[in-house]
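J.: Got a sequence here, can you build the structure:
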Amino acid sequence: MTEMEYTKLGNTGLEVSRLCLGCMNFGSDQPWMMNDEEASLELIDRALEMGINFLDTANVYSHGESEEIVGKAIEGRNRDELVVATKVFGKMGDYPNGQGLSRKHILDQAEASLDRLGTDYIDLYQIHRWDETTPIEETLSALDHLVETGKVRYVGASTMAAWQFTKALYESDRRGYERFTCMQPEYNLVDRHEEQNVLPVCESEGIGVIPWSPLAGGFLTGKYDRDEEEVTEGRAAEDEHTEARFTDENWAVLAEVRAIAEEKGVTPAQVSLAWLLHKPVVDSPIVGPRTVDHLEENVESIDVSLTDEEIERLESPKSPVWSRGIANI
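T.: Predicted coordinates:
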């Protein structure tokens, strides 16, 4: 059985498992979600049993349902052993101040998330997106207040341009506010645009990196074939972002993933996750399995070693380019 490994989140003292359990699938908002609370709780229990101590959700995931399921899963457990992360920004109500990163919305939603999670504090509270309508100083002041009052331990960010993230870090340093300790970017073998955006900032500033979509919406699991005329099953059937990955160079990457997986006697998903785990800037990829079998397969990627030559084979079909065309995860 694979033994879980742990690492520090960026330059903080916070220890997190090398894989983070993404909780977006826990809910009933979309057809591709699990739509089964009992199965969701079973999956979380198995993840904790396997040594994953890091859970990532958001208030907008099934409009709070995901947070409620996580809250039920951690109820009665030793809270000190868990690192619970959630996010704020998305629309939670059809009324003024029902979304965004104003002081009011952040403080209101922090309380709502605490209630749904059934906990006294959030380990990692992240801004889900950059808010172009609210001064970053106001956002940072609100997050700093949450840390000062003990309701939040660390603050993080997700999916934005490098200049925005750098501005936020600068303003935090200038004003003495709590600094972002981690970034949650889209990052995987076929979506490497962040190598030309926030990842260099994270590396130079000691910011932890917890990538979302590490398997490219299932593309890197090898479940799709190039000669399929139409995607009819799985999330790709509803997700244009996944179908947009069906390009010549991405199929070339997947061909190398499959070849190396066959050579090593492992799965394409394990090779793809192992590639991320070999990146020094990456702390804990966020996996989103919908079955216990997939969870166990993901965890076993920790035991997969890649040589420099194999990494070169995986990376050579693509040259990373930064683009603002970003999915809403």
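J.: For the stretch 51-200 of the chain, which segments are assigned as helices?
T.: 65-74, 103-117, 136-148, 162-175, 198-205 (DSSP state H, counting those that start in this stretch).
J.: Direction-wise, compare the fourth one with helix 136-148 and give the angle.
T.: Using axes from the mean of the first three to the mean of the last three C-alpha atoms, to 10 degrees, the inter-axis angle of helix 162-175 relative to helix 136-148 is 60 degrees.
J.: Tell me which other helices or strands helix 162-175 touches.
T.: helix 136-148, strand 180-184, helix 198-205 (3 or more C-beta pairs under 8 Å, 6 or more residues apart in numbering; DSSP states H and E). (Glycine included, C-beta is placed from N, CA and C.)
J.: quick one, which of the ones you listed is packed in tightest?
T.: For these, the largest average neighbour count (mean count of other C-beta atoms under 10 Å) is found in strand 180-184, namely a mean of 25.
J.: May I have the strands that pair with that strand, each with its orientation?
T.: Partners of strand 180-184 in the sheet, by DSSP bridges, are strand 152-158 (parallel), strand 208-209 (parallel).
J.: Return the set of buried residues in the longest one.
T.: Residues of strand 152-158 classed as buried under the neighbour-count rule (16 or more other C-beta atoms under 10 Å) are 152-158.
J.: Now do that strand: distance to the chain's middle.
T.: 13 Å (C-alpha atoms, centre = their mean, to the nearest Å).
J.: Could you do the shortest one as well?
T.: Distance, stretch centre to chain centre, for strand 208-209: 10 Å (C-alpha atoms, centre = their mean).
J.: Check which element follows it along the chain.
T.: Where DSSP states H and E defines the elements, the next helix or strand beyond strand 208-209 is helix 240-243.
J.: tell me the mean pLDDT for that following helix?
T.: Averaging pLDDT along helix 240-243 gives 70.
J.: Output that helix in CSV with nothing but the alpha carbons.
T.: Extracted as CSV, the C-alpha positions of helix 240-243 are listed here (Å, rounded to 0.1, in the frame of the first residue of the first chain):
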residue,chain,number,x,y,z
GLU,A,240,-16.4,22.6,-23.8
HIS,A,241,-13.1,23.3,-22.1
THR,A,242,-12.3,19.6,-22.1
GLU,A,243,-13.3,19.2,-25.7
